[in-house]
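Participant: structure for the following, please:
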Amino acid sequence: MTTHFWVPTEPANNRLSRRQALAWGAAAAFGPSVAQAQPASAAAEEAKAPPLPALGSRLAVPDLALLDGGAWRQQLGKPLLVYWWASTCPFCALQSPSMDRLWSQVRAQGWQMLALSVDRKAEDAAAYLKAKRYSFPAAWASPAWRSGFPKPKGLPITLLAGADGRLKVAEKGQMFEEDVMALPDALL
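Facilitator: Modelled structure (predicted):
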């Protein structure tokens, strides 16, 4: 029996937000070549991915090695920002600079952050981070590790839990700069 870190639920409101509608439109503009760039195994994995976790559910992230050689362990009593991304994701490429700016602002306030790459190889993710000079803590979420902490359907994925470990924000798709920078307001 597989245990998940949240109880999957469907959103009560199926209307698209402005951000989601723009993301869908941009994806449509790229055409079918974007979907074909994903290997069949990744597409099959994405099809089986759970929905976003429910707000209010507990976010518990297993320990893991960071791409810079350090170790990451969730610290209870501190806000936690989890950001799923890939170096090949055009929407992640647009959101990642904002995530790095946010990290620069909130780490001194005791926040934790973990950026989880779903690239095919850890080396690809590490090279991308180095080239972009991002400072946020990042790890490669291997398929084996993801079996215990599954990536929700979509990319990028942004999850924010308060100091109590309960989820305050769960977003699928690219967030605009102003939305990323407003994440701390969700904890008020």
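Participant: what's the helix or strand for the spatially closest residue to R107 that is not a sequence neighbour?
Facilitator: In this structure, R107 finds its nearest non-sequential neighbour in M113, 7.2 Å apart by CB to CB, 6 or more residues apart in numbering. Heads up, the C-betas are built off the backbone N, CA and C, glycines and all. Element membership of M113 [criterion: DSSP states H and E] is strand 112-117.
Participant: in its sheet, what does that strand sit against?
Facilitator: Strand pairing for strand 112-117, determined by DSSP bridges: strand 80-85 (parallel), strand 138-140 (parallel).
Participant: what's around A139, how many residues?
Facilitator: Here the number of neighbours of A139 (other CB atoms under 10 Å) works out to 22.
Participant: helix or strand for E45, just tell me which one.
Facilitator: E45 is part of helix 40-47 when elements are defined by DSSP H and E.
Participant: state the mean pLDDT of the next helix or strand after that helix.
Facilitator: As assigned by DSSP H and E, the chain's next helix or strand after helix 40-47 is strand 64-65. Averaged across strand 64-65, pLDDT comes to 95.
Participant: show me what strand 64-65 is in contact with.
Facilitator: A71, W72, L114, A139, A141, W145 (CB atoms under 8 Å, 6 or more residues apart in numbering).
Participant: just checking, what packs against the helix or strand following that strand?
Facilitator: Downstream of strand 64-65, the first helix or strand assigned by DSSP H and E is strand 71-72. The contact analysis (3 or more CB pairs under 8 Å, 6 or more residues apart in numbering; DSSP states H and E) places strand 71-72 against strand 64-65.
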